[in-house]
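1. Using only what follows, build the 3D model:
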Amino acid sequence: MGNGGRLSLDSRAARIAAPAIFALLVLAIWQLYTVVSDVPESSLPSPTQIAAAGWENRQLLLDNTWVTIEEILIGFAAAIVLGVVLAMLIRSSRTVERALYPWLVVSQMVPVPAVAPIFVIWTGFDLRPKIMVIALVAFFPIAVNTIDGLRAVDPQLLRLMRTLRASFWQRFRYAQLPAALPFVFSGLKVAAALSVIGAVFGEWVGASEGLGYLILVLNNATDTATMFATIFLLALIGISLFGLVILIERLLLPWYHDARKESSDDGIAEPADDAVEIGGRL
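-> Predicted coordinates:
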């Protein structure tokens, strides 16, 4: 393995080690504080007490985790469809953009806890209101970033493609979509975290299972240690979904990551090469 390979492995190891060391440091300080201050477990349990409570109630946590994961995945998928379709519709014409974009912003001005009970009234205490809440919370960053991505395409490239008599779908496929995808994935990363928050909101309003519902039950029972274990599980779900989005981005957009690596090395891509390649495809 050459020096470049060793440097790459060292860089990856450093990226993994830095947050791991920081997490261990925070846990050690947390554990030390609970021992020295003798704070009651009902107020602030130590990491070891949280781990013990999580292991003791592992089956309860596992059963509710699968319920919340199902809600998050379905709601996240609905948010992707809603956000991308709405963004494409808004960018289809100036008139549509002027009509819909302000309402897109207004949709985020209404507090989700105020809207969630209405969804429950409309659909009942099943999976649907949770999915609706998650989609409402998560679709906005996807839509806004997709709109910005569709705007980011090089105007000269579009003029070139019109000169080459490219159709609307050819311009979208070879120019607008590649320009928008990095923005879309940026929105997906934000939406991944918001999906977990939306699931908790939905379960707080009307549910009989799930990690959000379990937090309410444990809070009423003052089982703080198990409640902290539940919160850590929710954080783990969010981190895993965020990591999945990053993995898919790397698989679908290798050219984007190569370009970012070249940019960090002060490399400049030649726009003429892109134009020649697109001209050849047409």
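
2. Quick check, central residue of the protein?
-> What sits nearest the mean C-alpha location of the chain, by CA atoms, centre = their mean, is residue 192, with 1.9 Å.

3. show me what contacts it?
-> 76, 138, 238, 241-242, 244-245 (CB atoms under 8 Å, 6 or more residues apart in numbering). (C-beta placed from N, C-alpha, C; glycine too.)

4. Distance to residue 218, neighbour count and secondary structure added to those, as TSV?
-> Shown next, in TSV, are those (distance: CB to CB, whole Å; neighbours: other CB atoms under 10 Å; DSSP: H, G, I helix; E, B strand; the rest coil):
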residue	distance to residue 218	neighbour count	secondary structure
76	25	26	helix
138	26	31	helix
238	19	18	helix
241	23	21	helix
242	25	18	helix
244	28	14	helix
245	30	19	helix
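
5. Of all pairs in those residues, which one spans the longest distance?
-> 138 and 244 (14.3 Å; CB to CB).

6. For the residue nearest to the centre of the chain, give its distance to residue 178.
-> 22 Å (CB to CB, to the nearest Å).

7. Out of the contacts of residue 192, which is nearest to residue 155?
-> For these, the nearest to residue 155 is residue 245 (29.4 Å; CB to CB).

8. Now that closest one. Nearest residue, chain neighbours left out?
-> residue 188 (4.8 Å; CB to CB, 6 or more residues apart in numbering).

9. what number of residues lie near that neighbour?
-> 27 (other CB atoms under 10 Å).

10. Any regions of the chain where pLDDT drops low?
-> When residues are selected by pLDDT under 70, those of the chain lie in 1-12, 14, 257-282.

11. which residues of this structure fall in helices?
-> Per DSSP state H, the chain carries helices over the ranges 3-37, 47-56, 58-90, 94-106, 112-123, 127-151, 155-163, 168-171, 177-205, 211-220, 224-252, 254-264, 271-281.

12. what about residue 123, how many residues close to it?
-> Residue neighbour count, defined by other CB under 10 Å, stands at 15 for residue 123.
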